[in-house]
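S.K.: next come a sequence and a model predicted from it.
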Amino acid sequence: MSPAQKNISNAPQKKPGLFKRLIERLDRGLKAKADKKAASGCCSGSGDKGGKCC
């Protein structure tokens, strides 16, 4: 590995922009809510309902 390549790999990672960070945070939150709702839903296929719809 040449010295130039070492300098590139040691460079700090650039942080994503404000807009991208906000969208990613919002997306994670929405996914968490959707997963929670799906797990507690009638047709979730797990738990005591046996995978049947209500």
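M.R.: Structure's in. What do you need?

S.K.: need the helix or strand of the chain with the lowest average pLDDT.
M.R.: Taking mean pLDDT, DSSP states H and E as the measure, the chain has helix 3-10 as its least confident helix or strand, at a mean of 59.

S.K.: quick check: what element follows that one along the chain?
M.R.: Next helix or strand after helix 3-10 toward the C-terminus (DSSP states H and E): helix 18-40.

S.K.: residue 41: neighbour count?
M.R.: Here the count is done by other C-beta atoms under 10 Å, and residue 41 has 13 residues near it. (Each C-beta comes from the backbone N, C-alpha and C, glycine too.)

S.K.: and the pLDDT at it?
M.R.: Note for residue 41: predicted pLDDT of 72.

S.K.: tell me the contacts of it?
M.R.: Not one residue lies near residue 41 by C-beta atoms under 8 Å, 6 or more residues apart in numbering.

S.K.: do you know how far it is from residue 22?
M.R.: From residue 41 across to residue 22, the span is 28 Å (C-beta to C-beta, to the nearest Å).

S.K.: and what of residue 37?
M.R.: As judged by C-beta to C-beta, residue 37 and residue 22 stand 23 Å apart.

S.K.: which non-adjacent residue is nearest residue 16?
M.R.: The shortest distance from residue 16 to any non-neighbouring residue, by C-beta to C-beta, 6 or more residues apart in numbering, is to residue 24 (7.6 Å).

S.K.: next one: phi and psi at residue 16?
M.R.: Residue 16 adopts backbone torsions of phi -70, psi 160, taken as degrees, to the nearest 10.

S.K.: so where's the chain uncertain?
M.R.: Residues of the chain meeting the criterion pLDDT under 70: 1-12, 42-54.

S.K.: same thing but at 90, please
M.R.: The model of the chain has pLDDT under 90 over residues 1-16, 36-54.

S.K.: now do the residue nearest to residue 16 against residue 13, distance only.
M.R.: Distance, residue 24 to residue 13, by C-beta to C-beta: 15 Å.

S.K.: the more surrounded of those two?
M.R.: Higher neighbour count among residue 24 and residue 13: residue 24, with 11 against 5, using other C-beta under 10 Å.

S.K.: how close does residue 33 sit to residue 22?
M.R.: Relative to residue 22, residue 33 is positioned 17 Å away (C-beta to C-beta).
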